[in-house]
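> Prediction below, plus the sequence it came from.
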Amino acid sequence: MFSFFKKKATPAPLAQAAPAELAPIVPAARESSDESPVPRSGWLDKLKQGLRRTGSGIAQVFTGTRIDDALYEELEAALLMADAGVQATQFLLDDLKRRVKDAKATDPAGVKALLADAVTELLAPLQQPLRVGEHAPTVIMVVGVNGAGKTTSIGKLTRHLAAADQKVLLAAADTFRAAAREQLLVWADRNRVEIVSQEGGDPAAVTYDAVTAGKARGCDVVIADTAGRLTTQSHLMEELKKIRRVIGKAQDGAPHEVLLVVDGNTGQNALSQIQAFDAALGLTGVIITKLDGTAKGGVLAALALWSRTRPQTLPVYFIGVGEKLEDLQTFDAREFAQALLG
């Protein structure tokens with residue numbers, strides 16, 4: 001669930017509230033929309049369906065009657081197949097064996113429940129709220145490779161913010177790909193928010209103008225959509241660094257959030273992308289998209305373990321399971337662990 005807040009003396013988190021129903025996703029004045037609140041349980045069903053291959057593979061490990069080396073070997077293979085990676089897989093196995101010993105578990109079903117606890121505990125630090133309202137405006141820079149769902153995620157987040165009476169300004173800083181600019185213009189029109197766009201202009205200049213305009217117009221949030229960049233293209237990554245520097249010149253301390261949108265289907269390559277973008281830009285959060293297809297999901301375990309090596313945990317603010325507005329939701333460690341394990 002989304003609950004947004006306006007600027008206050010004491011900022012509150014963008015957090016998920018009780019799972020009974022979604023917060024309104026369109027302003028009351030726009031009742032003609034055909035998109036209406038749906039129970040979060042419906043979204044959870046989609047998440048489980050998206051991760052069904054992983055879930056069924058892991059669940060099959062616990063269909064026997066014995067807790068022995070064969071079970072742990074099968075579980076190791078299942079976790080590796082789920083893209084958890086070698087280090088995270090070994091970490092979870094060691095943690096699970098400790099839990100089994102402490103709990104004196106005697107049946108595989110009990111071991112599976114303990115594994116759910118282990119995965120939840122590993123992922124829990126990634127579950128953090130995205131905060132807006134501490135700065136005027138809060139400037140969010142969004143990056144990612146082409147095809148990850150970056151612009152669509154921005155559109156969904158913008159609509160939730162606009163529905164909560166947050167004044168949002170978009171910066172179409174992907175100036176080289178006309179389709180990206182047009183797509184963002186559609187979202188701006190649909191959400192009735194303003195946008196700063198310049199065909200073929202300098203991306204850094206567009207973001208500077210947008211932040212300056214956001215300050216002058218009393219906006220709550222400025223979101224910059226940047227061009228898709230492969231981490232192997234160093235000259236293009238340098239452009240993202242330039243955009244980040246220029247945003248800082250437009251407003252001290254900005255950008256306040258640097259979010260990476262990652263395609264959940266890319267497996268261990270997703271972690272490589274996160275590490276590369278983090279080294280270049282200093283990420284503050286991640287959005288995992290497309291967990292509704294062949295995505296395996298185990299990479300979040302690898303991300304959680306790697307994140308422990310950073311000075312600060314890198315949170316997963318949102319995960320996406322489809323194209324609809326309600327298919328982008330806040331990340332919940334327990335929910336994800338249960339979906340991952342079937």
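All right, it came through fine.
> can you give me the strands for the stretch 51-200 of the chain?
130-131, 138-143, 168-173, 194-197 (DSSP state E, counting those that start in this stretch).
> Which of the ones you listed sits closest to residue 283?
Closest to residue 283 of the strands of the stretch 51-200 of the chain, according to CB to CB: strand 138-143, at 8.2 Å. From N, CA and C alone the C-beta is placed, and that goes for glycine too.
> Flag every buried residue along that closest one.
138, 139, 140, 141, 142, 143 (16 or more other CB atoms under 10 Å).
> I'd like to know how many residues surround residue 65.
8 (other CB atoms under 10 Å).
> which ones are touching the closest residue to residue 313 other than its chain neighbours?
Of all residues not flanking residue 313 in the chain, residue 125 sits nearest, at 4.4 Å (CB to CB, 6 or more residues apart in numbering). By CB atoms under 8 Å, 6 or more residues apart in numbering, residue 125 lies in contact with 304, 307, 308, 313, 315.
> In terms of pLDDT, where does residue 125 sit?
pLDDT, residue 125: 97.
> Specify which member of the buried residues of strand 138-143 is nearest to residue 245.
residue 141 (11.1 Å).
> Of the contacts of residue 125 - the most surrounded one?
residue 304 leads these on contacts (other CB under 10 Å) with 24 neighbours.
> tell me what the host helix or strand of it is packed against?
Taking DSSP states H and E as the criterion, the element that holds residue 304 is helix 299-307. Packing contacts for helix 299-307, counted by 3 or more CB pairs under 8 Å, 6 or more residues apart in numbering; DSSP states H and E, involve helix 86-103, helix 108-123, helix 268-281.
> Return the alpha-carbon coordinates of the shortest one using CSV.
Presented in CSV, the C-alpha positions along helix 268-281 are these (Å, rounded to 0.1, in the frame of the first residue of the first chain):
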residue,chain,number,x,y,z
GLN,A,268,22.8,-12.2,-11.3
ASN,A,269,23.4,-9.5,-13.9
ALA,A,270,21.0,-7.3,-11.9
LEU,A,271,23.5,-7.4,-9.0
SER,A,272,26.3,-6.5,-11.4
GLN,A,273,24.3,-3.5,-12.6
ILE,A,274,23.6,-2.4,-9.1
GLN,A,275,27.2,-2.5,-8.1
ALA,A,276,28.4,-0.6,-11.2
PHE,A,277,25.8,2.1,-10.9
ASP,A,278,26.4,2.4,-7.2
ALA,A,279,30.1,2.8,-7.7
ALA,A,280,29.5,5.6,-10.3
LEU,A,281,26.6,7.5,-8.7
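> any idea of the angle it forms with strand 138-143?
Angle, helix 268-281 to strand 138-143, by axes from the mean of the first three to the mean of the last three CA atoms, to 10 degrees: 130 degrees.
> any idea of the mean pLDDT for helix 268-281?
Helix 268-281 comes out at a mean pLDDT of 92.
> The longest one now?
What helix 86-103 shows for mean pLDDT is 96.
> Go ahead and measure how far that helix is from the middle of the chain.
Computed by CA atoms, centre = their mean, to the nearest Å, the separation of helix 86-103 from the middle of its chain amounts to 26 Å.
> and the gap between the nearest residue to residue 267 once chain neighbours are set aside and residue 302?
Leaving aside its sequence neighbours, residue 267 sits nearest to residue 83 (CB to CB, 6+ apart; 4.1 Å). Distance of residue 83 to residue 302, computed by CB to CB, to the nearest Å: 7 Å.
> what do these two both touch?
residue 268.
> show me the contacts for the residue nearest to residue 267.
Residue 83 neighbours (CB under 8 Å, 6+ apart): 267, 268, 296, 297, 298, 299, 302.
> With residue 323 instead?
residue 152.
> before we move on, what SS does it have?
coil (DSSP: H, G, I helix; E, B strand; the rest coil).
> hmm, back to that, which among the contacts of residue 83 end up buried?
Going by neighbour count (16+ other CB under 10 Å), the contacts of residue 83 have 267, 296, 297, 298, 299, 302 buried.
> ok, those vs residue 225, which is closest?
residue 299 (24.1 Å).
> Touching, that closest one and residue 80? I think so.
No - taking contacts as CB atoms under 8 Å, residue 299 lies outside contact range of residue 80: 11.6 Å.
> hang on, the earlier thing: report the mean confidence score over the helix holding residue 304.
96.
> List the strands paired with the helix or strand that that helix is followed by, with their directions.
Using DSSP H and E, the helix or strand that follows helix 299-307 towards the C-terminus is strand 316-320. Sheet pairing of strand 316-320 (DSSP bridges) gives strand 285-289 (parallel), strand 328-330 (antiparallel).
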